[in-house]
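>>> pasted the sequence and its predicted model underneath.
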Amino acid sequence: MDIGVVHDLAVGVSKNGADAWALQDTMASGVSVGAPADMYNQLGQNWSQPPWHPERLAEAGYQPWRDMLRNIFRHAGGIRIDHVIGLFRLWWIPDGNQASEGAYVYYDHQAMLGVLALEAELADVVVVGEDLGTVEPSARQYLEQKGVLGTSILWFEMDEDEPLDPSEYRELCMASVNTHDLPPTAGYLEGVQLQLREDLGLLARSPEEERKEAQQQLDTFFAAVEAAGLLPDGTNSSEEAKIEALYRYLGRAPSMLFNVSLVDAVGERRIQNQPGTSDEYPNWRVPLADGNGMYVLLEELNRMDRVRALVKAVNETLGTHSREPGVTVHEPLEHRDIAEPCGK
């Protein structure tokens, strides 16, 4: 593959794991990392992970941070940093408190990003930062200056009450229809996330209000997709056609990286991860299945019509849409192996 494997760097580690024990001198005790309430997680989030202690990390010359990055980069072509704003500040929640009863603790972002940029340059890897949620514009600007790509998720890119035209997306970012913290697109179209949050007691508003707002969002986006000529049958289109249309719509973005989700390719509906939960939902333990609930094996992907159709739609879009010179477009599916990335 052109880039290689892009590893994912989580925000933190288990409090009871070997990493927390080995790094106890530079991690804070008695607190957990999380996030304040937002529209998608209305009660806030507690990730039950100990944060770096900013003063102790500085006293150690940021060596634990550097060593961790070096270990990751040794076998990587790239890295995606979850919650990259955590290099600037983290939401600390004292043990025993609710997720909303926390406070921001700030880090020396110049030092943290300086180490990251240096090690990434030495290893010749690409760095993508998940800069979603509550992120100050100045932080995004600083990340961009350091060459860290941002993340643009279709459902989050809005221009007031209307979807932002993908042509207006940032170039220095990875564009994607969804994220692991949202359900697969097939499930999102059905609103499976609303039912799950209702069942788990994670809604701060009535289920009726949530469903009404969710439907309005879908209607608004598909109106834009239809206006772009990508959904000839309109709302009567099949689920698969709607998902392909969303990817074609996203493909108009000038973003340097384009992400195709495997769950979207096979038609999975179930949520992979529900933020704000631990034992309440089997996060990261949902085996991949197709739209009929049948398990999908890796060896089957290249033979699945739905997978081939989505990859073909993406390659056609990226191969024909006007872009800046110097951008490489991969060959169509039939001329290469399915395992290779389909993007710019």
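Great, that's in hand. Residues are numbered from 1 along each chain as shown.
>>> skipping its backbone neighbours, what lies nearest Arg70 in space?
Among residues not flanking Arg70 along the chain, Glu119 sits closest, at 5.9 Å (C-beta to C-beta, 6 or more residues apart in numbering). Every C-beta, even on glycine, is put in place using the N, C-alpha and C of the backbone.
>>> mind giving me the domain ranges of the chain?
Here the domain parsing of the chain from automatic domain parsing is 1-148, 175-253+260-324.
>>> what is the lowest-mean-pLDDT helix or strand in the chain packed up against?
Ranking every helix and strand in the chain by mean pLDDT, DSSP states H and E puts strand 45-46 at the bottom, with a mean of 89. Judged by 3 or more C-beta pairs under 8 Å, 6 or more residues apart in numbering; DSSP states H and E, strand 45-46 is in contact with strand 31-35.
>>> who does the strand it packs on pair up with?
strand 45-46 (antiparallel), strand 89-94 (antiparallel) (DSSP bridges).
>>> nearest to Arg70 among those would be which one?
strand 89-94 (22.3 Å; C-beta to C-beta).
>>> list the contacts of the closest one.
11, 28, 30-36, 46, 51-52, 99, 101-107 (C-beta atoms under 8 Å, 6 or more residues apart in numbering).
>>> next one: stretch 211-230
154-155, 161-163, 165, 189, 191, 194, 231, 234-235, 242, 245-246, 248-249, 252.
>>> and it, what's buried?
For stretch 211-230, the neighbour count (16 or more other C-beta atoms under 10 Å) marks Phe221, Phe222, Ala224, Val225, Glu226, Leu230 as buried.
>>> before we move on, back to that, tell me which other helices or strands the helix or strand that comes right after the least confident helix or strand of the chain touches.
Toward the C-terminal end, the helix or strand that comes next after strand 45-46 (DSSP states H and E) is helix 54-59. On a contact count with 3+ C-beta pairs under 8 Å, 6+ apart, helix 54-59 meets no helix or strand.
>>> now helix 54-59 - C-alpha only, CSV.
Extracted in CSV, the C-alpha atoms of helix 54-59 (Å, rounded to 0.1, in the frame of the first residue of the first chain):
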residue,chain,number,x,y,z
PRO,A,54,1.9,17.6,32.7
GLU,A,55,4.5,18.6,35.2
ARG,A,56,6.0,15.2,35.7
LEU,A,57,6.1,14.6,32.0
ALA,A,58,8.0,17.8,31.5
GLU,A,59,10.4,16.9,34.3
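>>> so after it, what's the next helix or strand?
helix 63-73.
>>> that older thread, make CSV from the strands paired with strand 31-35 and add mean neighbour count and distance to Val296 to it.
Below are the strands paired with strand 31-35 laid out as CSV (neighbours: other C-beta atoms under 10 Å; distance: least, C-beta to C-beta, whole Å):
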stretch, mean neighbour count, distance to Val296
strand 45-46, 24, 29
strand 89-94, 20, 36
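>>> make TSV from these and add distance to Phe258 to it.
Output for the strands paired with strand 31-35, formatted as TSV (distance: least, C-beta to C-beta, whole Å):
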stretch	distance to Phe258
strand 45-46	28
strand 89-94	30
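>>> pick out the shakiest of those, pLDDT-wise.
Taking the average pLDDT of each of the strands paired with strand 31-35, the minimum falls on strand 45-46, with a mean of 89.
>>> quick check, Gln49 in contact with Asp19.
No: between Gln49 and Asp19 there is no contact under C-beta atoms under 8 Å: 9.9 Å.
>>> where does the stretch 101-250 of the chain dip in pLDDT?
Nowhere does the stretch 101-250 of the chain drop to pLDDT under 70.
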